[in-house]
Structure formats: structure tokens, C-alpha cells
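S.K.: dropping the sequence and predicted coords here.
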2 protein chains.
Amino acid sequence: MTAIANSRRRQILRLIWDAEHSAGEIASTVDDVSWPAVSQNLRLLKNAGLITERRQGTHRYYRADRRALGPLEAVLRQMWTRDLGRLRDLAEAEARFRRRRRD
Amino acid sequence: MTAIANSRRRQILRLIWDAEHSAGEIASTVDDVSWPAVSQNLRLLKNAGLITERRQGTHRYYRADRRALGPLEAVLRQMWTRDLGRLRDLAEAEARFRRRRRD
DNA sequence: GACTTAATTTAGCAATAGCTTAAATAACCC
DNA sequence: GGGTTATTTAAGCTATTGCTAAATTAAGTC
């Protein structure tokens, strides 16, 4: 529960929702944060049993364990679409602002 | 989301799930915690829009806003029954212990 | 108005969460 | 073995969280 209470971790979960990704891919996608921070969040998610880890060579691939997430899945989906809504609103406000300046 | 990440607040929500209760009733039911602490958690829940408040005289009655909780309801129910399970397990372990001592 | 009861707000404190930088591990390649 | 790449662990720091005790507000009663 506390695992998905954090927005960075929700972002990570979204990244590894449909397909597995290596720690490096995740860390370079999530920005404004260092690699170790991402690694720590991955460990927390794994300890909570919400993601799976597959090691291959020097890489570690992570993936959301949707079964383990249970009813949290619905909550996550709601929050993700809400985030998208906020982004869209921001973009629209930005566009209105530019249009007004141009006129 | 962070609102229900806290076990005290989940406990409060369970108390005011089916019927409204006054702040005092809630505070005296939830134990190991002071009134102000309960009051603060109630305010947090209210700011998050998850509970409603009705004032009558010197009393304030709170109640869970199940519509606002949306998919969080399923998560809460799962956690509550899980807590019950833990309590039952504890009780059973306790019983086994006593039985063994009695023999 | 003074008094009681119900509840909240304020101030301050201890524990925790999440981060950063630097050091360590682990698998691979030459 | 030495070097490189991928990732984690460790140590330490700051911000936030949840609490308590004390002060405050608010509504009713005499």
C-alpha cells in the first residue's frame, strides 16, 4: 500500500506495466532523479511483491506483477488517466496563452 | 492516495464506513492515540475529499464518502479482511499456546 | 458573563522517507 | 588479471509525517 503511495514508484510501475525493462532503461526514462534512487524504489517494489525481477548477464529486468497488485490496479489506472488529464489541461492552457500572445 | 496509506486513517475510515460518528466517538474508539491526532487525521481525510462533515451543535459528525473513494474501496476492503485474518491467526496462535501450557 | 463540553489549532519533537554522492559488487570482454 | 558496463549498497542529509501537550475556538448551559 505504501509502495504505490509514492508518485515516482507509480511512474516506474507504469513503465514496466506491459513489458519488462532493465533497471538502466527505467532509470534513464524517469528523470530528475539519480540511478540509485530508482534502484532503491525498485527494491522497495520488489520487497512489497509488486514487481518481478529477471537477471540476465549484467542486466536486471523488472516487470509489474499485475496479479499481485490486485485491486490496486484499478487505483493505478485511475491515477494514470488523471495524470494524463492534468497534462492535457496544462497543454491547453499553454496553447491558449500562446494564441493570446500571438494575437 | 497518501490519505489511505496510513493504517490509523484506514481504521478511522472503517469506523465511519456505514454510519456517521462524532469526532469524540471516533477518538475514544481508536486507541493508543490522543484526540488531536485523530482530529488531524480527520482533517487530512476531509481535505482529500474522502469523508464528509456535518456540524450539529458542538458536535461534528464524520462519514466516509464512498463515492469519492472510488476504486480505493476495493483496496480498503481487502486490507480490512486481511487485518481480520491476521487477528484470527494471532488468536489461534494464542489459543494453541494456552492449550499447550494447560496440558 | 462565567462554566462546561466538544473539538480544533499551534508549536515542537522523534521517526521515517526519499534523495545524493561515493564506494562496492557482479558479469562480461580482452 | 585488468578494464568496462550495469546495477546495487552504504552513509549521510533534508523534508515530511504523525504524534503529544498546551492553548484556542465554538456552542451550549446556568
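M.R.: Right, received. Where do you want to start?
S.K.: going by C-alpha atoms from here, please, whenever you check contacts or count neighbours.
M.R.: Will do.
S.K.: quick one, longest helix in chain A?
M.R.: helix A:72-102 (DSSP state H).
S.K.: what residues sit buried inside the helix or strand bottoming out on mean pLDDT in chain A?
M.R.: In chain A, no helix or strand scores lower on mean pLDDT, DSSP states H and E than helix A:72-102, which sits at a mean of 81. Residues A:Leu72, A:Ala74, A:Val75, A:Leu76 are the ones in helix A:72-102 that count as buried (16 or more other Cα atoms under 10 Å in any protein chain shown).
S.K.: any residue of the longest helix of chain A touching chain B?
M.R.: Yes - using Cα under 8 Å from any Cα of the partner chain, we find that helix A:72-102 touches chain B at A:Leu72, A:Ala74, A:Val75.
S.K.: can you check stretch A:26-46 too?
M.R.: No - interface with chain B: stretch A:26-46 contributes nothing (Cα under 8 Å from any Cα), its closest point being 14.9 Å away.
S.K.: and that stretch, end to end?
M.R.: One end of stretch A:26-46 sits 15 Å from the other (Cα to Cα, to the nearest Å).
S.K.: need the contact partners of that stretch.
M.R.: A:Ala3, A:Arg9, A:Gln11, A:Ile12, A:Leu15, A:Ala23, A:Gly24, A:Ile51, A:Thr52, A:Glu53 (Cα atoms under 8 Å, 6 or more residues apart in numbering or on different chains).
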